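Asker: here is my input, please return the structure:
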Amino acid sequence: MRQRIKMLLWELCWTLLCSWTPKPLNPWRIFWLELFGARIYGSPFVHQRARIKIPWNLILHDRACISDRTNAYTLGTIEMLEHSTAAQEAYLCTGTHAFNEAAKNLITAPIIVGAHAFIGARAFIMPGITIGEHAIVGACSVVTKSVAAHSTVAGNPASRLQEQKESKMLVHYEAQDL
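Answerer: Numbering: from 1, shown residues only. So this is what the prediction gives:
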């Protein structure tokens, strides 16, 4: 009961104090996330129209990005490491049901998004998935298995398209810093 009240307060807070704020007020939104128990390291970005179910199950590292209308369904922990991105309307889902049991009880499992990983628009990430560092998930993909570092996956269910060359990725990121 106590958790449900806290979740209700969070919904009210986000709707009234954060969802209308312009992008430059990101520190304001981060302040409220921290106040409700999110663990914040450095300066991540959370779009004002992102949806975060339970902020105390969210861990964001420096320059991690939760984009416009992205759903962080944090029944379990979601950790986004530095420079990782969940693009527009991506859905990170940490909860499902035990469909092999009559009661179909709720099951939760964490999602970890590695450093510099990118999740494309409208991709769906299942519970218990780890997206490796520098990995790319194509738009509208459904990720049912963990993604290896430096690889690109796409489709439904997502399958591996290619392995990226680490040196090529480093050049790309150095160019972005300019």
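Asker: rest of the way, CA atoms for contacts and neighbours
Answerer: Fine.
Asker: pLDDT-wise, which helix or strand of this protein ranks last?
Answerer: Here the helix or strand of the chain ranked lowest by mean pLDDT, DSSP states H and E is helix 166-176, holding a mean of 51.
Asker: Glu11 belongs to a helix?
Answerer: Yes - under DSSP: H, G, I helix; E, B strand; the rest coil, Glu11 sits within a helix.
Asker: roughly how far does it sit from Ala38?
Answerer: Going from Glu11 to Ala38 by Cα to Cα, to the nearest Å gives 14 Å.
Asker: helices of the protein, start to end?
Answerer: Assigned by DSSP state H, the chain shows helices spanning 2-13, 26-35, 166-176.
Asker: show me what contacts Thr94?
Answerer: Residues in contact with Thr94, defined by Cα atoms under 8 Å, 6 or more residues apart in numbering, are 73-78, 108-111, 126-128.
Asker: again, only this time at 10 Å
Answerer: 72-78, 107-111, 125-129 (Cα atoms under 10 Å, 6 or more residues apart in numbering).
Asker: next one, pLDDT for the residue lying closest to it once chain neighbours are set aside please.
Answerer: Leaving aside its sequence neighbours, Thr94 sits nearest to Pro127 (Cα to Cα, 6 or more residues apart in numbering; 4.2 Å). For Pro127, the pLDDT comes out at 98.
Asker: Leu178 too?
Answerer: Per-residue confidence at Leu178 stands at 42 (pLDDT).
Asker: I figured Cys140 hits Ala86, correct?
Answerer: No - judged on Cα atoms under 10 Å, Cys140 makes no contact with Ala86 at a distance of 12.0 Å.
Asker: overlap in contacts, the two.
Answerer: With Cα under 10 Å, 6+ apart as the test, Cys140 and Ala86 both reach 119-123.
Asker: would you point out the most distant pair within the residues you listed?
Answerer: Ile119 and Arg122 (8.5 Å; Cα to Cα).
Asker: okay, those two: which has more neighbours?
Answerer: Ile119 (28 against 21; other Cα atoms under 10 Å).
Asker: who's the more buried one bridged to?
Answerer: Ala86, Val137 (DSSP bridges).
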